[in-house]
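> predicted model and sequence follow; I will ask about them next.
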Amino acid sequence: MNSSRIALVTGASRGIGAATARILAARGDHVIVNYREKRKRAQDLADEIAAAGGSASIAGADLSDEAAAQALTREILDRFGRLDVLVLNASGGLERGAAPDYAMSINRDAQLRLVRLLLPHMPAGARIVFVTSHQAHFHGRKPVPADYEPIAASKRAGEDALRDLIPEFDSRRIGFTVVSGDMIDGTIIVRLLRRRDPDAVAARTEHGTLPTVDEFATAVADATIGDQPLGHTVYIGGTDYLAHS
Ligand SMILES: NC(=O)c1ccc[n+]([C@@H]2O[C@H](COP(=O)([O-])OP(=O)(O)OC[C@H]3O[C@@H](n4cnc5c(N)ncnc54)[C@H](OP(=O)(O)O)[C@@H]3O)[C@@H](O)[C@H]2O)c1
């Protein structure tokens with residue numbers, strides 16, 4: 001395991017994070033599968049990765065909780081001594097009953113805090129990838145469905161806060177890439193939207209087939225390798241956003 005990269009994927013118990021964890025592990029990384037509460041799902045994924053010949057461990061932490069983020073950092077350092085890849089995938093705010101400030105807390109403050117905690121332990125050449133949606137990335141420039149507005153605003157604020165760290169990433173020789181996707185077919189969020197606001201999904205499918213989870217997760221995994229300028233944004237799907245941006 002020592003020669004493998006140590007990769008933390010936040011919110012990897014399901015959806016895009018889980019798919020990214022599978023790809024990174026298949027490519028040889030040791031993947032730390034972070035989850036908030038779905039421990040069994042995270043453990044099943046780690047077992048599946050091991051059964052396929054890969055290497056994974058699980059680490060529960062509600063990243064909106066400062067003490068939990070600190071404990072996660074300690075756990076990673078105690079076990080591995082460093083972190084080579086940080087995929088900031090976990091996101092929230094649409095949960096039923098979430099406090100009004102929760103979106104900002106998880107999508108901006110928690111992202112920034114985790115990066116600040118882990119950055120001193122990431123060697124030169126390590127990579128950070130921030131996962132976002134077109135609706136968030138283009139917030140303020142393109143319309144957003146009312147329900148999604150606080151999430152879009154907070155994810156954009158998170159992206160901006162991370163971009164402010166680019167000079168520090170540069171001096172430490174840490175890569176930083178943003179991967180932004182259109183609505184991703186097959187995710188829970190899009191399944192819920194199809195029921196709650198079918199017009200919002202139909203409006204996106206008018207512009208072409210929605211990207212799949214595997215397509216998006218592959219772009220996220222690819223962003224952890226190769227040469228990209230610091231702060232580069234990779235766009236998946238939604239070419240109409242790009243045409244008039
Ligand atoms: N779905 C889309 O159409 C779409 C499109 C473009 C971009 N994206 C972006 O892709 C990323 C993943 O989206 P998804 O649809 O796969 O999400 P999802 O199905 O809602 O999964 C969210 C994951 O994040 C974890 N999580 C939630 N709150 C957390 C917290 N406070 N601390 C730690 N982990 C937490 C969840 O863990 P538990 O299961 O344990 O609660 C779960 O593993 C997000 O950044 C999203 O903005 C999604």
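Done, it's in.
> which regions of the protein lie under the pLDDT threshold?
The model of the chain has pLDDT under 70 over residues 1-2, 244-245.
> do a quick rundown of the strands in it.
6-9, 30-35, 55-60, 85-88, 127-133, 175-181, 232-236 (DSSP state E).
> turn those into a markdown table, including distance to the ligand and mean neighbour count.
C-betas here are computed from N, CA, C, even on glycine. Shown next, in a markdown table, are the strands of the chain (distance: least, Cβ to the nearest ligand atom, whole Å; neighbours: other Cβ atoms under 10 Å):
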| stretch | distance to the ligand | mean neighbour count |
| --- | --- | --- |
| strand 6-9 | 9 | 28 |
| strand 30-35 | 4 | 26 |
| strand 55-60 | 8 | 19 |
| strand 85-88 | 8 | 27 |
| strand 127-133 | 3 | 24 |
| strand 175-181 | 4 | 24 |
| strand 232-236 | 8 | 16 |
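> so what's Tyr241 closest to, chain neighbours aside?
His134 (4.8 Å; Cβ to Cβ, 6 or more residues apart in numbering).
> who in this structure is up against the ligand?
For the chain, the residues in contact with the ligand (Cβ under 6 Å from any ligand atom) are 10-17, 34-38, 62-64, 89-92, 106, 131-133, 181, 183-184, 187-190.
> just the buried ones out of those, please.
10-17, 34-36, 62-64, 89-92, 106, 131-133, 181, 183-184, 187, 189-190 (16 or more other Cβ atoms under 10 Å).
> tell me which of these fall in helices.
Judged by DSSP state H, these include Gly15, Ile16, Gly17, Ile189, Val190 as members of helices.
> export those residues as a markdown table, with columns for distance to Glu48.
Shown next, in a markdown table, are these (distance: Cβ to Cβ, whole Å):
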| residue | distance to Glu48 |
| --- | --- |
| Gly15 | 15 |
| Ile16 | 16 |
| Gly17 | 14 |
| Ile189 | 23 |
| Val190 | 23 |
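> just flag the most distant two among these.
Pairwise distances across those peak at 15.4 Å for Gly17 and Val190 (criterion: Cβ to Cβ).
> what's the burial count for the nearest residue to Ala200 once chain neighbours are set aside?
In this structure, Ala200 finds its nearest non-sequential neighbour in Pro145, 4.9 Å apart by Cβ to Cβ, 6+ apart. Around Pro145 sit 16 other residues, with neighbours defined as other Cβ atoms under 10 Å.
> my guess is Pro145 meets Asp199, correct?
No. With contact defined as Cβ atoms under 8 Å, Pro145 and Asp199 do not form a contacting pair (9.1 Å).
> contacting residues for the residue sitting nearest the centre point of the chain?
Geometric centre of the chain, nearest residue: Asn89, 1.4 Å, by Cα atoms, centre = their mean. Neighbouring residues of Asn89 by Cβ atoms under 8 Å, 6 or more residues apart in numbering: Val9, Thr10, Gly11, Ala12, Ile16, Gly17, Thr20, Val131, Val220.
> next, give phi and psi for it.
phi -110, psi -30 (degrees, to the nearest 10).
> same question for the one 4 residues further on.
The phi and psi torsions at Gly93 (degrees, to the nearest 10) take the values phi 130, psi -20.
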